[in-house]
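Chemist: starting from these lines, generate the structure:
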Amino acid sequence: MGESVSDPAVAGGQQQPDAPPTRQCVSCGRRIDWNSNACPYCGHDYRMAQPGQAAPQKERSMLPVIGGVLILIAGLAALGMGVAFMAFDAQDFEDWVDLDELDVSLSELDDILFTCGAVVMVFGVIGVLGGVFAIVRKHFSLAVVGGIFSILGLGFVVGAVVGLIGLILVFVGRSSFNE
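Modeler: Predicted coordinates for the structure are as follows:
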């Protein structure tokens, strides 16, 4: 910080008329050339936007929003599939499946259907939340997790495909997220 008086640009605290214009660095206090983009001593960058000038707005893509809507739809489909599993009665499957061959009783099949329905509903809820996060472009990682769970929820198979497309769109539009 000790500036020498022998500096030709600053003799006696006054700037000489034939010397190039200088300014004092706001970071380290040393004299630097007025046209410098950065202080050669401390590296402070002067290329920042000046007060009163708006920083250029980042181009925001619609891909996360579209992907979020698709993930939301896939999550809702998974919720519907979970409700359907929970609503099924094991007796509805007697015509389709030989329970003796599977070595499963009707009450055990009811429990399996209920448990699968509950798991798929949880996947659907996580998928819906992920879709909402993608639509508002916040928390990229939570949007991705929701997309993955919307795929795992299957959603009558169509939901898995829609969720996968939504997840891809969210990944492509990652730069539009506000983290």
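
Chemist: and the most centrally placed residue in the chain, its phi and psi?
Modeler: Nearest residue to the geometric centre of the chain (CA atoms, centre = their mean): residue 140, 1.3 Å. The phi/psi pair for residue 140 (degrees, to the nearest 10) reads phi -50, psi -50.

Chemist: again with residue 22
Modeler: Dihedral angles (degrees, to the nearest 10) for residue 22: phi -130, psi 170.

Chemist: then residue 63?
Modeler: The phi and psi torsions at residue 63 (degrees, to the nearest 10) take the values phi -60, psi -40.

Chemist: mind listing what it touches?
Modeler: Neighbour list for residue 63: 169, 170, 172, 173, 176 [criterion: CB atoms under 8 Å, 6 or more residues apart in numbering]. Backbone N, C-alpha and C define where each C-beta goes, glycine included.

Chemist: kindly recompute the last result at 6 Å.
Modeler: 169, 172, 173 (CB atoms under 6 Å, 6 or more residues apart in numbering).

Chemist: go through this protein and flag its longest helix.
Modeler: In the chain, taking DSSP state H as the definition, the longest helix is helix 106-135.

Chemist: now the element after it, going C-ward?
Modeler: Following helix 106-135 in sequence order, the next helix or strand is helix 140-152 (DSSP states H and E).

Chemist: which elements pack onto the following helix or strand past that following helix?
Modeler: With elements assigned by DSSP H and E, the helix or strand that comes after helix 140-152 is helix 158-172. For helix 158-172, the packing partners by 3 or more CB pairs under 6 Å, 6 or more residues apart in numbering; DSSP states H and E come out as helix 63-87, helix 140-152.

Chemist: noted, bye for now.
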